[in-house]
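>>> Sequence and predicted model, in that order:
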Amino acid sequence: MSVETLELTVEEQASVRALLGSFAKGADGTKRRTQRQSWLEVDIDVIDEAEPGTMVSWLQLTPKTRRYTIVRETRAVFGPYILDKIPITLAGLSKRCQELGMSVTTQKSNCTICSLTMCEPIRIFQIETEPRITGVIITNIIYIV
């Protein structure tokens, strides 16, 4: 029996090395670092990095913004009203704001504006609403830095 040896061309050797290199630990570590870097870019604190006077909608919030107590509390209270389109009266809305420690400064059928104290860096909280027969529907909450 004769044993034949197969030799690869230089191009074939390079393609085999590239294929094996994709399974090597070094390439996997690089991939993990890239994923970690992209996660850090996504997980920025939009409230902390916002310029004074900037409006940040509740849809723009990232997980890192949960460190602010006012963000956690307002999302917990007003989130279900927004998502389920639950009607609320203006008096009920004002009461919810006062329960969270906010001072209602302006209230109209389409907007409620509250001032915040001791909630740095957020200074103003705004609730956008749509008037309905049974009350108002909350459409958006905005944090003003």
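Here it is on my side, so go on.

>>> domains for this structure, by residue range?
10-42, 46-144 (automatic domain parsing).

>>> Can you convert those domains into CSV and add a column each for distance to Glu4, mean pLDDT and mean neighbour count?
From N, CA and C alone the C-beta is placed, and that goes for glycine too. Shown next, in CSV, are these (distance: least, Cβ to Cβ, whole Å; pLDDT from 0 to 100; neighbours: other Cβ atoms under 10 Å):
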stretch, distance to Glu4, mean pLDDT, mean neighbour count
domain 10-42, 16, 67, 10
domain 46-144, 60, 92, 15
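
>>> what about Val16, distance to Ile133?
Per Cβ to Cβ, to the nearest Å, Val16 is found 73 Å from Ile133.

>>> And for Leu19?
Distance from Leu19 to Ile133, by Cβ to Cβ: 67 Å.

>>> and the residue most central in space within the chain, what does it touch?
In the chain, the C-alpha nearest the mean C-alpha coordinate belongs to Thr62, at 2.4 Å (Cα atoms, centre = their mean). Thr62 makes contact with 42-46, according to Cβ atoms under 8 Å, 6 or more residues apart in numbering.

>>> and what of Ile144?
Ile144 neighbours (Cβ under 8 Å, 6+ apart): 53-56, 122-126.

>>> Out of those residues, which comes closest to Val104?
Phe125 (9.7 Å; Cβ to Cβ).
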